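**Q** predicted model follows, preceded by the sequence.
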Amino acid sequence: MGITRKINETITILLMNQKHMHVKLTRCTKCGKEYHEGVKNFCSNACYESDLQERIKESCNDDATHTKKLS
């Protein structure tokens, strides 16, 4: 009975993989990696946080009301 169970598990895994093959992948807006599930158009939380930090820095540098480095 052990071999039948192993065959059934293998068939289940193959069917699950086949379902994922038909799912369209999304491309990460930060690194360009393709993924199935992610965080707000990013493949991972790290890419999302990195992009968020870059946008904060850019907006602070472009805004004249923020204090720049004093020499």
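**A** Looks like it came in fine.

**Q** low-scoring stretches of this structure, by residue?
**A** Applying pLDDT under 70 to the chain flags the ranges 1, 17-23, 62-71.

**Q** for the most centrally placed residue in it, phi and psi?
**A** Ranked by distance to the mean C-alpha position of the chain (Cα atoms, centre = their mean), the top residue is residue 43 at 0.9 Å. Phi and psi for residue 43, reported as degrees, to the nearest 10, are phi -70, psi -20.

**Q** by contact count, what packs against the helix with the most length in the chain?
**A** When the chain is parsed with DSSP state H, its longest helix is helix 2-21. Using 3 or more Cβ pairs under 8 Å, 6 or more residues apart in numbering; DSSP states H and E as the contact test, no helix or strand touches helix 2-21. C-betas here are computed from N, CA, C, even on glycine.

**Q** show me the contact partners of the helix or strand just after that helix.
**A** For helix 2-21, the following helix or strand on the C-terminal side (DSSP states H and E) is strand 26-27. With contacts defined as Cβ atoms under 8 Å, 6 or more residues apart in numbering, strand 26-27 is touched by 33-36, 38, 41.

**Q** run the last query once more with 7 Å
**A** For strand 26-27, contacts defined as Cβ atoms under 7 Å, 6 or more residues apart in numbering pick out 34-35, 38.

**Q** any idea which of these is closest to residue 3?
**A** Lowest distance from residue 3 to the contacts of strand 26-27 (Cβ to Cβ) belongs to residue 35, with 35.5 Å.
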